[in-house]
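Asks: the following comprises the amino acid sequence and a computationally predicted model.
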Amino acid sequence: MAKPARMVMPDENDPQAIELAGKYESALKKEFYICVALLIVTFGIFSSLNFAPFMRPSFETAGSWLERSGALVGVMAMFIEFRSRRISNLLDNVIPQLPPSLFQQIDRYSTHESIIHKIVLFLGISGAVIWSYGSPILIGIQSLCG
């Protein structure tokens, strides 16, 4: 019976390991910036749809338009979560290929990913609440303000 091959951990000074770490870091950075850009676009779209009067169709009430934008926020949250899974996949793939000292340099993206997941969870919940209760929330805010 053949012995299983032993996995050899690459050396931290190995040029191939350093190059591989650089490739993974640039891929992680790209995915992180895409997720951040999508979050900014989502906030921008939500704000412009609700606070720029020319963006709302004249036949829509403010409450129904708020509910529609809540649905959009929920859909965007799901898409951003799907996109952020690429960060997880990249991190999972790089762990066995790099020595610990090189992996620590790119491990900060796992913290970034965690923050993105929390923001996306907040967006998803907020989008669902706005989608479900947009009109009553808007009526309540309007009655409080005057």
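Replies: Good, I have the coordinates. Residues are numbered from 1 along each chain as shown.

Asks: now the helix-or-strand element of the chain with minimal mean pLDDT: buried residues?
Replies: Ranked by mean pLDDT, DSSP states H and E, the helix or strand of the chain with the weakest confidence is helix 100-106, at a mean of 74. Neighbour counts over helix 100-106 (16 or more other CB atoms under 10 Å) mark 102, 103, 106 as buried. Glycine gets a C-beta too; all of them are placed from N, C-alpha and C.

Asks: do the same with stretch 42-60
Replies: In stretch 42-60, counting by 16+ other CB under 10 Å, buried: 42, 46, 49, 50, 56.

Asks: for this structure, what are the low-confidence residue spans?
Replies: Within the chain, the stretches with pLDDT under 70 are 1-12, 54-57, 62, 146.

Asks: hang on, the earlier thing: among the buried residues of stretch 42-60, which are located in helices?
Replies: Applying DSSP state H to the buried residues of stretch 42-60, the entries found in helices are 42, 46, 49, 50.

Asks: wait, which of these is closest to residue 86?
Replies: residue 42 (17.7 Å; CB to CB).

Asks: just list the residues touching the residue nearest to that closest one when sequence neighbours are not counted, thanks.
Replies: Nearest in space to residue 42, with sequence neighbours left out and distances taken as CB to CB, 6 or more residues apart in numbering, is residue 76 at 4.3 Å. Residues near residue 76 by CB atoms under 8 Å, 6 or more residues apart in numbering: 38, 41, 42, 45, 123, 127.
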